[in-house]
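Novice: Sequence plus predicted model, see below.
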Amino acid sequence: MTRLGDGTLLAEAIASDPKSWLGSDHIARFGIDTMLLVKLLDAGQRLPVHAHPDASFAARHIAATHGKAEAWYILTPGVVHLGLNQSVTLEQLGALVAQQDTAALIALTHRVPVEPGDTVFVPPGVLHAIGEGILLVEVQEPEDLSILLEWKGFDLDGEHDGHLGLGFELALKAVEIHARSRDEIDSLVRRAPPPGSVLSAESEAFFRLDRVHSRADFPAGFSIIIALDTAANLTLASGAEMPLHPGSTTLVPHVSGSFRVGGDALVARPPGGI
């Protein structure tokens, strides 16, 4: 729903000329769906414990095109919570939600300290919460589907909005209730990975994210560049160049052809294999 410089919604621009924005190969596989949403998220307080459904649940129960897998590139240090550290039943989980036992809910999750440059992949169904003070880049499937287990103390109406309109008895069936070992949680986290692809291999079915430290070349395709701490630059196949100021976000359409990013930046793209 980003607005372009002329005021047009990006979604409308893509619908009017999908080939230029996405390319023929992407359209053949995905239609005019970008398959990608990128956010900059600044957690002024710890976010509530929640989860997102997978594509099968979302299609079956709410006629949504996607579930919501997501991944984070950490920009400032802090603590995140990810996955259950002990298995529970749906009845136990439902009781904690009904009671709004926030201390018990957060205690059920793995506590994961993170540093700038770390990445975290959050599969659909996995309970998670982002800690206070963390700034991150989030790449995700392009849906807004959250199942809130916690809303006490937050400016949220979880009783009304927390269950996707399905009621908690059904919505909680989309939540992973078995424990993940610490090794399983660690497999979702990459500690300051080197330049190149920075997410776990499991995430590439949903989206791609690359870190550029000095220079990297990318093929033509719908891409979103986030410039990080220092100035970066973009060179298009035409030879046109543009500066990328720290904190800026730049969208490169397929029609621009292959491109080169120099400097300090992230490049988010739809799933590979097209």
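Specialist: Right, received. Where do you want to start?

Novice: contacts, neighbours, all on C-alpha from now
Specialist: Will do.

Novice: First-to-last residue distance for stretch 67-85?
Specialist: Across stretch 67-85, the terminal residues are separated by 23 Å (Cα to Cα, to the nearest Å).

Novice: Just the buried residues of stretch 137-151, please?
Specialist: 137-143, 145-151 (16 or more other Cα atoms under 10 Å).

Novice: so of these, which ones are in strands?
Specialist: The strands, defined by DSSP state E, take in 137-140, 147-148 from the buried residues of stretch 137-151.

Novice: mind checking how far stretch 178-188 is from the chain centre?
Specialist: Relative to its parent chain, stretch 178-188 has a centroid offset of 19 Å by Cα atoms, centre = their mean, to the nearest Å.

Novice: scratch that, stretch 151-163 is what I was asking about
Specialist: Centre-to-centre, stretch 151-163 and its host chain are 21 Å apart (Cα atoms, centre = their mean).

Novice: Kindly export it (C-alpha atoms) in CSV.
Specialist: The C-alpha trace of stretch 151-163 is given here as CSV (Å, rounded to 0.1, in the frame of the first residue of the first chain):
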residue,chain,number,x,y,z
TRP,A,151,-3.2,-7.9,24.8
LYS,A,152,-3.4,-7.0,28.5
GLY,A,153,-1.3,-3.8,28.9
PHE,A,154,-1.3,-3.1,25.2
ASP,A,155,-3.4,-0.6,23.2
LEU,A,156,-5.2,-3.5,21.5
ASP,A,157,-8.6,-5.1,21.5
GLY,A,158,-7.5,-8.7,21.4
GLU,A,159,-10.9,-10.0,22.3
HIS,A,160,-12.3,-8.5,19.2
ASP,A,161,-9.4,-8.4,16.8
GLY,A,162,-7.1,-11.2,18.0
HIS,A,163,-8.6,-14.2,16.4
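
Novice: mean confidence score for that stretch?
Specialist: Mean pLDDT, computed over stretch 151-163, is 94.

Novice: what's that stretch in contact with?
Specialist: With contact meaning Cα atoms under 8 Å, 6 or more residues apart in numbering, stretch 151-163 is reached by 48, 100, 102, 146-150, 168, 171-172.

Novice: Could you tell me how far residue 193 is located from residue 2?
Specialist: When residue 193 is compared with residue 2 (using Cα to Cα), they lie 30 Å apart.

Novice: Name the residue in those two with the higher neighbour count.
Specialist: The residue with more neighbours, out of residue 193 and residue 2, is residue 193; 14 against 10, by other Cα atoms under 10 Å.

Novice: so the more buried one, which of the three states?
Specialist: Here residue 193 is recorded as coil under DSSP: H, G, I helix; E, B strand; the rest coil.

Novice: Next up, the contacts around it.
Specialist: Applying Cα under 8 Å, 6+ apart, we find residue 193 in contact with 117-119.

Novice: Equivalent analysis for residue 210, please.
Specialist: Residues near residue 210 by Cα under 8 Å, 6+ apart: 195-198, 266-268.

Novice: Report the secondary structure state of it.
Specialist: Three-state assignment for residue 210 (three-state DSSP): strand.

Novice: roughly how far apart are the closest residue to it other than its chain neighbours and residue 38?
Specialist: Once flanking residues are discounted, residue 210 sits nearest to residue 197: 4.3 Å by Cα to Cα, 6 or more residues apart in numbering. According to Cα to Cα, residue 197 and residue 38 sit 16 Å apart.

Novice: out of those two, which sits in the busier spot?
Specialist: Each of residue 197 and residue 38 has its neighbours counted (other Cα under 10 Å); residue 38 has more, 20 against 17.

Novice: nearest spatial neighbour of the more buried one, skipping sequence neighbours?
Specialist: Closest residue to residue 38 apart from its sequence neighbours, by Cα to Cα, 6+ apart: residue 139 at 4.6 Å.

Novice: returning to what we had before: could you dump the buried residues of stretch 137-151 into TSV and include distance to residue 219?
Specialist: Formatted as TSV, these follow (distance: Cα to Cα, whole Å):
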residue	distance to residue 219
137	22
138	22
139	19
140	21
141	21
142	22
143	26
145	31
146	33
147	36
148	39
149	41
150	42
151	43
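
Novice: Tell me where the stretch 51-200 of the chain has helices.
Specialist: For the stretch 51-200 of the chain, the helices defined by DSSP state H, counting those that start in this stretch cover 55-62, 90-99, 102-107, 158-161, 168-171, 182-186.

Novice: Residue 219 is nearest to which of the ones you listed?
Specialist: helix 55-62 (28.0 Å; Cα to Cα).
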